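Q: Need a 3D model of the sequence below.
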Amino acid sequence: MKLNHFTDFSMRVLMYLNQKKDTPQSSLDDLATTFKISRNHLIKVVQFLSANQLILTKRGKNGGIVISEKAREIRLGDLIHLLEQDDTPIVNCDSKPCIFQSHDCKLKSLFNTAYQAFIESLNQYTLSDIEFKNWSAMFQD
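A: Reported below is the predicted structural model:
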């Protein structure tokens, strides 16, 4: 299974914010610099995460981006499914007309079963389960 870039960037942001204990707030510029990701890409990520109450954003001098309790509690499988934004992420028989569709093809069903197993496996964990032990050393210049 291959996850899209949006999911990858979102997970990086959430993991980063989850581990920021001393100074929990971050800015878009801080995130862009830390991850070497375009600020424009991160704007979309932050807007989506905020709209789904996974982060809290505040504008202004004392503003910033912080992780929400919902993000700390959500199961990773449910989070990945939300970030992928697709109810049929593996096979879409309708995207291009498929000649097998009317012949009782079982491929989509098999892939969907595997996807559900993937999500269920990840649902055993939360963001706290994937925290780094050497967090501060990771971002030293």
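Q: which residues are in contact with the worst-scoring helix or strand of the chain on mean pLDDT?
A: Using mean pLDDT, DSSP states H and E, helix 135-138 stands out as the lowest-scoring helix or strand of the chain, at a mean of 70. Outside helix 135-138, the residues that touch it by CB atoms under 8 Å, 6 or more residues apart in numbering are Q19, F132. (C-beta placed from N, C-alpha, C; glycine too.)
Q: roughly how far is that helix from the heart of the chain?
A: 21 Å (CA atoms, centre = their mean, to the nearest Å).
Q: Give the residue farthest from the middle of the protein.
A: H103 (36.0 Å; CA atoms, centre = their mean).
Q: how much space between that one and C93?
A: Noted for H103: a distance of 11 Å to C93, by CB to CB, to the nearest Å.
Q: Ok, I37 next?
A: 34 Å.
Q: Between those two, which has more neighbouring residues?
A: I37 (17 against 13; other CB atoms under 10 Å).
Q: For that one, which three-state class applies?
A: Of the three states, I37 takes coil under DSSP: H, G, I helix; E, B strand; the rest coil.
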